[in-house]
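Colleague: pasting a predicted model and its sequence here:
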Amino acid sequence: MDLLHAPWPWYVSGPLIGLIVPALLLVGSKRFDVSMNLQTMCGQLRWRDQSWNLALLVGIFLGGVLVATLLQNPDPVAISEATRQDLALLGITDFTGLVPKEIISFGNLGSAAGLIIMIGGGFLIGFGARYAGGCTSGHAITGLASLQPASLVAMVGFFTGGLVATHILLPLLLAA
Amino acid sequence: MKLRSLFPYLLIGLAFGILATKAEVISWFRIQEMFRFQSFHMYGIIVTAIAVSAVSIQIIRRSGLVAASGERVDIPRMPLSRLGTQYWLGGTIFGLGWALTGACPAPMFALLGNGIGVMVVLIASALAGTYTYGRVRRYLPH
């Protein structure tokens, strides 16, 4: 498989993602925090002030479209064998694509677990990002890189919630 | 803002959308692998992204560079209360959603671009969450 279609290794993609922060600062002194777009769409921030962020969001969507049409990885995501086995125990059999179709799909909206994961999970992301004053891009990348104590506390929270959901909630939901 | 001045942001977003997809950080499978500590992949991305961004911020600050728009480059410090409740509690709520859905705000839109149509349901739910927070925020500890 050629370099463009294969997934990009962490030591290439990580540093390049890190350059998004200075790029936004140098173009217009803007802080990288994608979750602010959710506030704008809810009318909590002014469209005029956030038009740059919405343009960024449109770009993110188009980036996904571009990869899906030109650079798509034909193979399943190469997760570790240990993860594959753990997920198989939760009943996941289809490892193709970026998301598990057995969980994240229109079809699964009919099940209680699917509703809790997709609608409940989505709600928690929108609520939590606002409560914490930022999301992964705002706190984990921009906040930690600018040495903000608040972002370190938020990051500890992200991981606490993530570990609880991974090791307690998901097994409960998927076993039911 | 004039429409033309939005173009650089669209391009930066495009770069991020491509990177996030090719790095697979928008994949539910990769998020599960991360929260199970079974691969260095996600940690490698997070650590190198923070390092590159931290060094860039220091260079920009020390050289006193001004943004192309003419504004002074500045990252405002976020207020931290004594208990920091909003950050650990809000962060934990966010983390629950992140691990359940394998997505967060930017990945939802990148995944939609990748043809995962059900992301519209997740985006609508996230909007409902943000709206609800706005309605109840005065009753919450911060």
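Modeller: Nice, I can see it.

Colleague: any idea which element residue B:60 lies in?
Modeller: Element membership for residue B:60 (DSSP states H and E) is helix B:41-63.

Colleague: cool, residue A:73 as well?
Modeller: Taking DSSP H and E as the definition, one finds residue A:73 inside no helix or strand.

Colleague: what about the closest residue to residue B:40 other than its chain neighbours, distance to residue B:49?
Modeller: Nearest non-adjacent residue to residue B:40, counting by CB to CB, 6 or more residues apart in numbering or on different chains: residue A:10, 7.2 Å away. All C-beta spots, glycine's among them, are computed from the backbone N, C-alpha and C. Look at residue A:10 and residue B:49: by CB to CB, to the nearest Å, they are 9 Å apart.

Colleague: so between those two, which is more surrounded?
Modeller: Ranked by neighbour count (other CB atoms under 10 Å in any protein chain shown), residue A:10 and residue B:49 place residue B:49 first, with 29 against 23.

Colleague: just checking, that one touches residue A:15?
Modeller: Yes: shown here, residue B:49 and residue A:15 form a contact pair, counting by CB atoms under 8 Å, at 7.0 Å.

Colleague: thought the residue nearest to residue B:40 was touching residue B:48?
Modeller: Yes: with contact defined as CB under 8 Å, residue A:10 reaches residue B:48; the gap is 6.8 Å.

Colleague: returning to that earlier point: and the residue nearest to residue B:40, what does it touch?
Modeller: B:23, B:40-42, B:44-45, B:48 (CB atoms under 8 Å, 6 or more residues apart in numbering or on different chains).

Colleague: so what's the residue in chain B sticking out farthest from the centre scoring on pLDDT?
Modeller: Distance from the centre of chain B peaks at residue B:63, with 26.8 Å (CA atoms, centre = their mean). Residue B:63 is assigned a predicted lDDT (pLDDT) of 89.

Colleague: one more: residue B:75?
Modeller: pLDDT for residue B:75: 83.

Colleague: chain neighbours aside, what residue packs nearest to it?
Modeller: Distances taken as CB to CB, 6+ apart place residue A:146 nearest to residue B:75, at 4.6 Å, with adjacent residues excluded.

Colleague: surely that neighbour meets residue B:55?
Modeller: No: using CB under 8 Å, residue A:146 makes no contact with residue B:55, being 11.6 Å away.

Colleague: so for the two, which sits in the more crowded spot?
Modeller: Neighbours per residue, other CB under 10 Å: of residue A:146 and residue B:55, the larger number sits with residue A:146, 21 against 14.

Colleague: test my guess that residue A:136 contacts residue B:104.
Modeller: Yes: between residue A:136 and residue B:104 there is a contact at 4.8 Å, judged by CB under 8 Å.

Colleague: any shared contact partners between those two?
Modeller: Contact with both residue A:136 and residue B:104 is made by residues residue B:98, according to CB under 8 Å, 6+ apart.

Colleague: quick one: the helix or strand harbouring residue A:60 to chain centroid distance?
Modeller: In the assignment (DSSP H and E), residue A:60 maps to helix A:47-66. The gap between where helix A:47-66 is centred and where its chain is centred comes out at 15 Å by CA atoms, centre = their mean, to the nearest Å.

Colleague: beyond that helix, next helix or strand please.
Modeller: Moving toward the C-terminus from helix A:47-66, the next helix or strand (DSSP H and E) is helix A:81-89.

Colleague: just confirm yes or no for the helix or strand containing residue B:132 near chain A.
Modeller: Element membership for residue B:132, per DSSP H and E: helix B:119-136. Yes: Helix B:119-136 reaches chain A (CB under 8 Å from any CB of the partner chain) through B:121-134.

Colleague: who does that helix touch, helix- and strand-wise?
Modeller: helix A:36-41, helix A:121-131, helix B:85-101, helix B:105-113 (3 or more CB pairs under 8 Å, 6 or more residues apart in numbering or on different chains; DSSP states H and E).

Colleague: pull out the buried positions in that helix.
Modeller: For helix B:119-136, a neighbour-count test (16 or more other CB atoms under 10 Å in any protein chain shown) marks B:119, B:121-123, B:125-131, B:133 as buried.

Colleague: make TSV out of these and add distance to residue A:65 and pLDDT.
Modeller: Listed next are the buried residues of helix B:119-136 as TSV, based on distance: CB to CB, whole Å; pLDDT from 0 to 100:
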residue	distance to residue A:65	pLDDT
B:119	13	98
B:121	19	98
B:122	18	98
B:123	16	98
B:125	22	98
B:126	20	98
B:127	21	98
B:128	25	98
B:129	26	98
B:130	24	98
B:131	27	97
B:133	30	97
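
Colleague: looking at those, spot the one nearest residue A:67.
Modeller: Among the buried residues of helix B:119-136, residue B:119 lies closest to residue A:67 (CB to CB), at 14.8 Å.
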